[in-house]
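Chemist: Predicted model, plus sequence, below.
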Amino acid sequence: MATLLSRSNLNEQVYDTLRRRLLARDPGAGAKLSLHELASELGVSRSPVHHALTRLVSEGLLTVKARRGYYVTPVTHEALVEGYGVRVALELHAADVAIGSLDQGQIARFRRLCEATEAAISHEEWDATNAAFHEYQIDLAGNRLLSRFYRELSVNLMMQVIRGGRLEGSEYLVTEHRAIVDAFDAADPAAAHDAIRTHIETGKRIALEAIERAGGVL
(Lines give C-alpha, C1' and ligand atoms only; values in the text may rest on other atoms or scores of the structure.)
Protein backbone atom coordinates (compact mmCIF):
# COMPACT_ATOMS: atom_id res chain seq x y z
CA MET A 1 0.00 0.00 0.00
CA ALA A 2 1.38 3.40 -0.95
CA THR A 3 2.51 5.75 1.81
CA LEU A 4 1.52 9.21 0.65
CA LEU A 5 3.25 12.16 2.29
CA SER A 6 2.01 15.71 2.77
CA ARG A 7 3.49 18.43 0.61
CA SER A 8 5.30 20.36 3.37
CA ASN A 9 9.02 19.77 3.93
CA LEU A 10 9.09 16.79 1.60
CA ASN A 11 12.85 16.33 1.70
CA GLU A 12 12.85 15.68 5.45
CA GLN A 13 9.71 13.56 5.37
CA VAL A 14 11.03 11.29 2.62
CA TYR A 15 14.41 11.02 4.35
CA ASP A 16 12.83 10.17 7.72
CA THR A 17 10.52 7.59 6.14
CA LEU A 18 13.30 5.79 4.27
CA ARG A 19 15.71 5.99 7.19
CA ARG A 20 13.21 4.33 9.54
CA ARG A 21 12.69 1.54 7.02
CA LEU A 22 16.41 0.92 6.61
CA LEU A 23 17.01 0.85 10.35
CA ALA A 24 14.21 -1.74 10.59
CA ARG A 25 15.82 -3.67 7.71
CA ASP A 26 12.87 -3.16 5.37
CA PRO A 27 14.09 -4.10 2.81
CA GLY A 28 16.91 -6.35 4.00
CA ALA A 29 20.66 -6.23 3.55
CA GLY A 30 21.80 -6.06 -0.07
CA ALA A 31 18.36 -5.18 -1.45
CA LYS A 32 18.24 -2.73 -4.35
CA LEU A 33 16.15 0.42 -4.00
CA SER A 34 14.42 1.92 -7.01
CA LEU A 35 14.23 5.70 -7.07
CA HIS A 36 11.26 5.57 -9.46
CA GLU A 37 9.33 3.00 -7.42
CA LEU A 38 9.94 4.87 -4.16
CA ALA A 39 8.78 8.15 -5.68
CA SER A 40 5.61 6.48 -6.94
CA GLU A 41 4.92 4.74 -3.63
CA LEU A 42 5.39 7.91 -1.59
CA GLY A 43 3.49 10.08 -4.05
CA VAL A 44 6.34 12.53 -4.59
CA SER A 45 8.67 13.54 -7.38
CA ARG A 46 12.09 11.96 -7.85
CA SER A 47 13.91 14.99 -6.38
CA PRO A 48 13.16 14.49 -2.64
CA VAL A 49 13.77 10.75 -3.01
CA HIS A 50 17.14 11.36 -4.64
CA HIS A 51 17.97 13.86 -1.90
CA ALA A 52 17.10 11.28 0.77
CA LEU A 53 19.03 8.47 -0.88
CA THR A 54 22.11 10.67 -1.16
CA ARG A 55 21.95 11.48 2.56
CA LEU A 56 21.50 7.82 3.43
CA VAL A 57 24.57 6.94 1.36
CA SER A 58 26.61 9.51 3.30
CA GLU A 59 25.42 7.92 6.56
CA GLY A 60 26.43 4.46 5.41
CA LEU A 61 22.94 2.96 5.39
CA LEU A 62 22.99 2.73 1.60
CA THR A 63 25.71 2.01 -0.95
CA VAL A 64 25.58 3.46 -4.45
CA LYS A 65 27.03 1.46 -7.33
CA ALA A 66 27.86 3.23 -10.60
CA ARG A 67 25.20 2.65 -13.26
CA ARG A 68 23.51 0.07 -11.02
CA GLY A 69 21.72 2.05 -8.32
CA TYR A 70 21.28 2.09 -4.55
CA TYR A 71 21.65 -0.95 -2.29
CA VAL A 72 21.05 -1.53 1.42
CA THR A 73 24.47 -1.66 3.06
CA PRO A 74 24.92 -4.95 4.94
CA VAL A 75 26.14 -4.90 8.53
CA THR A 76 29.00 -7.40 8.68
CA HIS A 77 31.58 -8.60 11.20
CA GLU A 78 34.34 -6.74 9.36
CA ALA A 79 32.39 -3.47 9.18
CA LEU A 80 31.61 -3.59 12.89
CA VAL A 81 35.19 -4.31 13.94
CA GLU A 82 36.50 -1.48 11.77
CA GLY A 83 33.80 0.93 12.93
CA TYR A 84 34.37 0.25 16.60
CA GLY A 85 38.10 0.60 16.08
CA VAL A 86 37.60 4.12 14.76
CA ARG A 87 35.09 4.95 17.47
CA VAL A 88 37.40 4.00 20.33
CA ALA A 89 40.26 6.01 18.81
CA LEU A 90 38.08 9.13 18.53
CA GLU A 91 36.64 8.81 22.03
CA LEU A 92 40.02 8.24 23.68
CA HIS A 93 41.53 11.20 21.86
CA ALA A 94 38.60 13.44 22.80
CA ALA A 95 38.97 12.40 26.45
CA ASP A 96 42.69 13.19 26.45
CA VAL A 97 42.01 16.67 25.10
CA ALA A 98 39.01 17.45 27.32
CA ILE A 99 39.91 16.03 30.72
CA GLY A 100 41.38 18.62 33.05
CA SER A 101 40.03 21.58 31.09
CA LEU A 102 36.30 21.30 31.83
CA ASP A 103 34.30 23.59 34.10
CA GLN A 104 31.54 22.50 36.44
CA GLY A 105 28.85 23.64 34.00
CA GLN A 106 30.15 21.26 31.35
CA ILE A 107 30.38 18.39 33.81
CA ALA A 108 26.87 19.10 35.05
CA ARG A 109 25.49 19.03 31.53
CA PHE A 110 27.36 15.78 30.81
CA ARG A 111 25.81 14.23 33.92
CA ARG A 112 22.33 15.42 32.94
CA LEU A 113 22.74 13.77 29.54
CA CYS A 114 23.79 10.60 31.33
CA GLU A 115 20.66 10.77 33.49
CA ALA A 116 18.56 11.23 30.36
CA THR A 117 19.85 7.91 29.01
CA GLU A 118 18.88 6.27 32.29
CA ALA A 119 15.35 7.64 32.02
CA ALA A 120 15.08 6.44 28.42
CA ILE A 121 16.37 2.90 28.90
CA SER A 122 14.02 0.35 27.31
CA HIS A 123 12.08 3.17 25.61
CA GLU A 124 12.10 4.45 22.04
CA GLU A 125 13.87 7.64 23.16
CA TRP A 126 17.03 5.65 23.94
CA ASP A 127 18.74 6.13 20.58
CA ALA A 128 18.33 9.91 20.67
CA THR A 129 19.46 10.28 24.29
CA ASN A 130 22.36 7.86 23.84
CA ALA A 131 23.53 9.75 20.74
CA ALA A 132 23.25 13.09 22.59
CA PHE A 133 25.36 11.72 25.46
CA HIS A 134 28.18 10.41 23.31
CA GLU A 135 28.19 13.36 20.92
CA TYR A 136 28.56 15.75 23.84
CA GLN A 137 31.34 13.53 25.20
CA ILE A 138 33.18 14.20 21.93
CA ASP A 139 32.15 17.87 21.79
CA LEU A 140 33.92 18.47 25.11
CA ALA A 141 37.21 18.29 23.19
CA GLY A 142 36.21 21.52 21.40
CA ASN A 143 37.18 20.25 17.95
CA ARG A 144 34.41 20.75 15.38
CA LEU A 145 36.03 18.49 12.79
CA LEU A 146 36.35 15.69 15.33
CA SER A 147 32.70 16.15 16.30
CA ARG A 148 31.61 15.97 12.67
CA PHE A 149 33.60 12.81 11.99
CA TYR A 150 32.13 11.16 15.08
CA ARG A 151 28.56 12.01 14.08
CA GLU A 152 29.15 10.50 10.64
CA LEU A 153 30.39 7.16 12.01
CA SER A 154 28.24 4.45 10.46
CA VAL A 155 28.90 2.12 13.41
CA ASN A 156 26.48 4.15 15.51
CA LEU A 157 23.70 3.49 12.99
CA MET A 158 24.76 -0.16 12.72
CA MET A 159 23.89 -0.59 16.39
CA GLN A 160 20.40 0.78 15.78
CA VAL A 161 19.95 -1.79 13.02
CA ILE A 162 21.21 -4.59 15.26
CA ARG A 163 19.12 -3.65 18.29
CA GLY A 164 15.97 -3.25 16.23
CA GLY A 165 14.52 -1.12 19.03
CA ARG A 166 15.12 -3.81 21.68
CA LEU A 167 16.91 -2.73 24.86
CA GLU A 168 15.60 -5.12 27.49
CA GLY A 169 18.14 -5.95 30.16
CA SER A 170 20.48 -3.17 29.05
CA GLU A 171 20.61 -1.17 32.29
CA TYR A 172 24.36 -1.86 32.50
CA LEU A 173 24.80 0.59 29.60
CA VAL A 174 23.80 3.43 31.92
CA THR A 175 26.20 2.16 34.60
CA GLU A 176 28.97 2.38 32.01
CA HIS A 177 27.85 5.89 31.05
CA ARG A 178 28.11 6.93 34.71
CA ALA A 179 31.64 5.56 34.91
CA ILE A 180 32.65 7.73 31.95
CA VAL A 181 31.14 10.87 33.49
CA ASP A 182 32.69 10.14 36.90
CA ALA A 183 36.14 9.82 35.30
CA PHE A 184 35.73 13.13 33.47
CA ASP A 185 34.52 14.77 36.69
CA ALA A 186 37.53 13.41 38.61
CA ALA A 187 39.88 14.58 35.82
CA ASP A 188 41.28 11.05 35.72
CA PRO A 189 42.48 10.14 32.20
CA ALA A 190 43.35 6.54 33.11
CA ALA A 191 39.89 5.90 34.57
CA ALA A 192 38.31 7.57 31.52
CA HIS A 193 40.27 5.33 29.17
CA ASP A 194 39.19 2.25 31.11
CA ALA A 195 35.53 3.33 31.17
CA ILE A 196 35.48 4.20 27.48
CA ARG A 197 37.17 0.97 26.43
CA THR A 198 34.82 -1.08 28.62
CA HIS A 199 31.74 0.60 27.19
CA ILE A 200 32.85 0.27 23.58
CA GLU A 201 33.91 -3.35 24.04
CA THR A 202 30.46 -4.08 25.50
CA GLY A 203 28.77 -2.59 22.45
CA LYS A 204 31.06 -4.42 20.06
CA ARG A 205 30.49 -7.75 21.80
CA ILE A 206 26.70 -7.36 21.66
CA ALA A 207 26.89 -6.38 18.00
CA LEU A 208 29.15 -9.26 16.98
CA GLU A 209 26.98 -11.79 18.82
CA ALA A 210 23.93 -10.46 16.97
CA ILE A 211 25.71 -10.71 13.64
CA GLU A 212 26.73 -14.29 14.40
CA ARG A 213 23.13 -15.20 15.26
CA ALA A 214 22.00 -13.66 11.98
CA GLY A 215 24.40 -15.81 10.00
CA GLY A 216 27.19 -13.29 9.51
CA VAL A 217 25.28 -10.41 7.99
CA LEU A 218 22.33 -8.23 8.91
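Modeler: Yep, it's here.
Chemist: When you work out contacts or count neighbours from here on, use the C-alpha atoms and nothing else.
Modeler: Fine.
Chemist: May I see the buried residues of the helix or strand of the chain with the lowest mean pLDDT?
Modeler: For the chain, the helix or strand with the lowest mean confidence is helix 154-163, at a mean of 78 (criterion: mean pLDDT, DSSP states H and E). The neighbour-count check on helix 154-163 (16 or more other CA atoms under 10 Å) flags 154-159, 161-163 as buried.
Chemist: Between all of those residues, which two are separated the most?
Modeler: The span of the buried residues of helix 154-163, defined through CA to CA, is set by 154 and 163 at 14.5 Å.
Chemist: Give the buried residues for the longest helix belonging to the chain.
Modeler: Longest helix in the chain by number of residues (criterion: DSSP state H): helix 189-213. Within helix 189-213, the residues that count as buried by 16+ other CA under 10 Å are 189, 191-193, 195-197, 199-200, 204, 207-208, 210-211.
Chemist: Could you do stretch 103-112 as well?
Modeler: So for stretch 103-112, counting by 16+ other CA under 10 Å, buried means 107, 110-111.
Chemist: And the contacts of that stretch?
Modeler: With CA atoms under 8 Å, 6 or more residues apart in numbering as the test, stretch 103-112 has contacts from 133, 136-137, 140, 178, 181, 184-185.
Chemist: Next: stretch 13-33.
Modeler: So stretch 13-33 is contacted by 5, 42, 48-49, 51-53, 55-56, 61, 69-75, 157, 160-161, 164, 217-218 (CA under 8 Å, 6+ apart).
Chemist: what's the distance between it and the middle of its chain?
Modeler: 15 Å (CA atoms, centre = their mean, to the nearest Å).
Chemist: ok, now stretch 10-22?
Modeler: For stretch 10-22, the distance to the chain centre is 16 Å (CA atoms, centre = their mean).
Chemist: quick check: mean pLDDT across that stretch?
Modeler: Per-residue pLDDT values over stretch 10-22 give a mean of 92.
Chemist: I am finished for the moment; much appreciated.
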